[in-house]
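In: Next come a sequence and a model predicted from it.
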Amino acid sequence: MLLLFVFMPSLYLFTYIFSRWNEIYVTVFAHPIIGNQYWTEIVRALNLSFRLSLTTVAIDLVIGIPLAYLLGKKDFPGKSLIEDLTILPLVIPTSGFGFATMIAWTASYGLAALLGLRVGVDTVVPLVNIPLIMLIVHVALTFPYIVNTVVGALKDLSASFEIVSSSLGAHPVTTFRKVTFPLILPSILSGSVLAFARSLGETGATMIVSGVSTTASIAIVRWEFENKLAPAAFLGAILVGVSMILIVPIEYALGGTIKGRRIIPLSVESFIVKLEKSIPRKMSWLRDIVSIFFLSIIILMPIAVLLYNTVIYWSCDPYTGRVEGGILYQLFGPSDYYSSIVSSIITSLLVASIATLISALVGVLAVLLMAHSRFGRFIKVLLKVPLVVPTSALGLSMVLLWGPHGIGVVDPGFWLIVLTHVVFSVPVITETGMASYIEGNLPLYESTARTLGAGYYDVAETITLPLVKRGVLAGSLLAFTHSLGETGATFIVMGEHRTISTLVVNMVEALAIPAALFATLILIVTSFVLVVVFKEIY
Amino acid sequence: MPEIRVINVSKRYGDIIALDNVNIVVEDREYVCIIGPSGSGKTTLLKIIAGILEPDEGDVLVDGESVLGVPIEERGIGLVMQDVVLFPHMNVWENIVYSPLVKGLAPRIINDIGREVTDYLTLSIDKKMYPDEISRGGQQKVALARALASDPKLLLLDEPLGSIDAETAKRLRFELRKLVKDLGLTAIHITHNQEEALSIADKVVVMRKGRVEQVGKPLELYLKPRTPFICRFIGGEANFFEGHVKKRVDGHLVVELKGKHIIRVPKTDGVDGRVVVVVRPEDISIIENPVEEGIEGVVEEVSFLGAYYRIQVSTSEGTIIVKKSGRERIPSRGDRVTILFRNVYTYRYPEKGLVEAIAYE
Ligand SMILES: Nc1ncnc2c1ncn2[C@@H]1O[C@H](COP(=O)(O)OP(=O)(O)OP(=O)(O)O)[C@@H](O)[C@H]1O
Ligand SMILES: [Mg+2]
């Protein structure tokens, strides 16, 4: 089951490519008319994607680690609000968030305008040559992966390490560099891999803010729409391959302490230490302020601007005064976005509910399997794959596998969306399920139950399941929100159906800005509610 | 060369009072052990002295000057904690020279210090090994070496031998004391183990429920326990009796115990009316014939505990425990015997009852 529905789709692209290698080779590299035009485009898209993802992760780290320090080590009023803000990007439908960010930066009263800068979707960051808004959106959507893993690691790390280091005379900065950082490095790495993979695969928000630039995942969606399957599949396979090469070794290697060799010579070391000693101790507040400042700019501001815009666009376009440019008109006027919004919300909710339900069932079985089978660790690593595979590539794989070109059992449409969402929901659920399995010290209880004479199924039923229930529940909720917000894969597999997040992209492309404002607002409010529920459970 | 004064220190965690107006003086070069039941506030006190926690009230003076607000790294302490000992990502050598390194000393000096402390402690462990590759005893020794390499004036040890097997712990405890004395350090050592404390400390602080119950030299605590709790906590098991003072006779009190036996006890200041009488098992004689002031009973159980016999005698004053060396005559189960107290401690009956007064928490 797991193999068929979860792993196969992620890997099917490779099979597809190998089985039609000649055809694909000709199309991509030696097209009779356009020559290797596709290959050039693939290289260009990959180039942009990698630059974008690497830069994103770098900025994520710079913002994420100090923020994680703040959240993991200190208590202060308003902390839970900041925690909410760092979970929000994980649950927010990315297309909506991309839209909010775009408005916030390009609007005539946005931050950029206040600073006297002219920012548009085509404004490019010098040096790395990446569209600015795209970068901002990617950072906002991926930095929580770093923050969450690092906060977790900091909380697990015994405070004694830092205390002992201080008692031995180390300056706080030295303590961080020599003790804390190396000890949380494994988590930083796995957070970075997740963030990188997310950024590489991000489609929903990127489509909205992309302007003329094309990232790899957008290229896949475009080509699929134009029915150019060969280059799409080829590019998809490259993305899947890269993600797997990244995740599998790192996941396998992690889980221990990284025992480092001294690389820096002693004399340099003592120079660095002296430098660190000269840093005033009380600088930490500066770090805290800066990280909160970043958070408000990349997350709070877009939401605030969105709210403001919704209000001023409510009845009419505030600049021209035309009623046709207002939200009410677009919703209920001739274009009748109201009914498409309602129907797409219903579709979204149905998809999310069904997919989550199926995934929870599969997920529970997978947790039992991982806990009790000899291949547990292997399965665990394999389950990470769908988490990091770019969703547009996953969507493509699903269409090719199940759709008319492949087995031909499920056509693009509602059920293929459900099936696709199951693929990336199962790992989310097993992840939290496994976490509560390990944290709850379940192996101990299980073996105790065994010594009391309980059989395998008794143990599963009376001990394992009740105790992982909470983890599975929390994972399901997370999967539900993912499903609501997913854009990249959904775009490819949706056929005639629309989910709310894909609808937002359509609206923006159709320049129905007021309607998009309204839909986005609904999405963001929903995510907020889900964040609160999520925190209640976890 | 520090002298530490803890003055009126209190610390609360929410509703829990971890420390309640604690006063302690640690002289320069003194080896002080703090003992007390779990949760009595020992670690909290140590953390306050180390600067890891700030007290809610009170002050900590080192050589007469308050150290509140002085960051840990500037206090010149050597800290050895029970839970996490070594940095797991550094090998033994890197752990040991950590302090000179982070203080920015010159490379040559760093190596010299490392060699000096390893020689001093005769560390035979391979310096390239990682902490998870060596035994607990070895780890604890490395932790000590690392603390010594920071050239501390004050050693703070929180159950440093707690997780080491009894044999090794016994050997290490004397090494610890010798080292502190040789280097002229001041040491504050927390332990659960009263034998450990009594055998190496110059001075022992007994804590209970966030308060200092008694401070004294080891023998003093044994010979002159100030409260029933100290009787129970120092020296092992003790027998507790309730009674009341019948009359005072030149230098003695005549006490009637609950079971109506009359005994004479030495007069103690402030003791009158209802009293608690405590007798250590080793301060009891067993004789075969009834005598005046003796308590008759039947031997219930006799067990040999290696160094001595533990004899349980059932009497009308309750079960009484007696300790006898194996060389003495040992009665057997069912024998009728008479018990005679050779030495007793008498206390005024505690306000909240005897059970509360000797409870650990
Ligand atoms: N961080 C904390 N938060 C809340 N309560 C605490 C905290 N640390 C200690 N306590 C409480 O303060 C009291 C004293 O704790 P402390 O650790 O000082 O005891 P201890 O004497 O060291 O005990 P043990 O012998 O078990 O180590 C205990 O009741 C403990 O539960
Ligand atoms: Mg303690």
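Out: Looks like it arrived, so ask away. Ligands and ions are numbered 1, 2, ... in the order given.
In: Around A:Val43, how many other residues sit close by?
Out: Using other CB atoms under 10 Å in any protein chain shown, A:Val43 has 12 neighbouring residues. Bear in mind the C-beta positions are built from the backbone N, C-alpha and C, glycine included.
In: For the host helix or strand of it, which helices and strands make contact with it?
Out: Following DSSP states H and E, one finds A:Val43 within helix A:37-73. When contacts are defined as 3 or more CB pairs under 8 Å, 6 or more residues apart in numbering or on different chains; DSSP states H and E, helix A:37-73 sits against helix A:21-29, helix A:79-91, strand A:130-131, helix A:132-156, helix A:181-201, helix A:216-225, helix A:229-253, helix A:284-295.
In: in the fifth one, what's buried?
Out: Meaning helix A:181-201. A:182-201 (16 or more other CB atoms under 10 Å in any protein chain shown).
In: from the residues you listed, which are also near chain B?
Out: The overlap between the buried residues of helix A:181-201 and the neighbours of chain B (CB under 8 Å from any CB of the partner chain) comes to A:Pro182, A:Leu183.
In: In the stretch 201-350 of chain A, where is pLDDT below threshold?
Out: Scanning the stretch 201-350 of chain A with the threshold set as pLDDT under 70 gives A:251-263, A:282, A:318-319, A:321, A:323, A:325, A:335.
In: For chain B, what lies in contact range of ligand 1?
Out: By CB under 6 Å from any ligand atom, the residues of chain B that approach ligand 1 are B:Tyr13, B:Ile16, B:Ala18, B:Gly36, B:Ser38, B:Gly39, B:Ser40, B:Gly41, B:Lys42, B:Thr43, B:Thr44, B:His192.
In: Phi first, then psi, for the closest residue to the third one other than its chain neighbours.
Out: Right, B:Ala18. In space, and not counting its chain neighbours, B:Ala18 is closest to B:Thr44: 4.3 Å by CB to CB, 6 or more residues apart in numbering or on different chains. With angles defined as degrees, to the nearest 10, B:Thr44 sits at phi -60, psi -40.
In: Give me the pLDDT value at B:Thr44.
Out: pLDDT for B:Thr44: 95.
In: Nearest the middle, which residue of the chain would you pick?
Out: Here I'm looking at chain A. Centre of chain A computed as the mean C-alpha position; nearest residue by CA atoms, centre = their mean is A:Arg198, 4.4 Å away.
In: Who are the contact partners of that residue?
Out: Contact analysis of A:Arg198 by CB atoms under 8 Å, 6 or more residues apart in numbering or on different chains lists A:Leu141, A:Thr142, A:Tyr145, A:Val388.
In: rerun at 7 Å
Out: For A:Arg198, the contact set (CB atoms under 7 Å, 6 or more residues apart in numbering or on different chains) comprises A:Leu141, A:Thr142, A:Tyr145.
In: The last one and ligand 1: what is the separation?
Out: Distance of A:Tyr145 to ligand 1, given as CB to the nearest ligand atom, to the nearest Å: 30 Å.
In: circling back to that earlier point, centre of the chain to the helix holding A:Val43, how far?
Out: Centroid separation between helix A:37-73 and its chain, computed with CA atoms, centre = their mean, to the nearest Å, is 12 Å.
In: just stretch A:190-205 next, same as before
Out: With CA atoms, centre = their mean, you get 5 Å for stretch A:190-205.
In: Please apply the same query to stretch A:499-515.
Out: In this view, stretch A:499-515 has its centroid 21 Å away from the chain centroid, taken as CA atoms, centre = their mean.
In: what does stretch B:339-350 contact?
Out: B:225, B:227-228, B:231, B:242, B:253, B:263, B:265, B:268, B:270-271, B:274-279, B:283-287, B:291, B:293-295, B:297, B:313, B:315, B:320, B:322, B:356-357.
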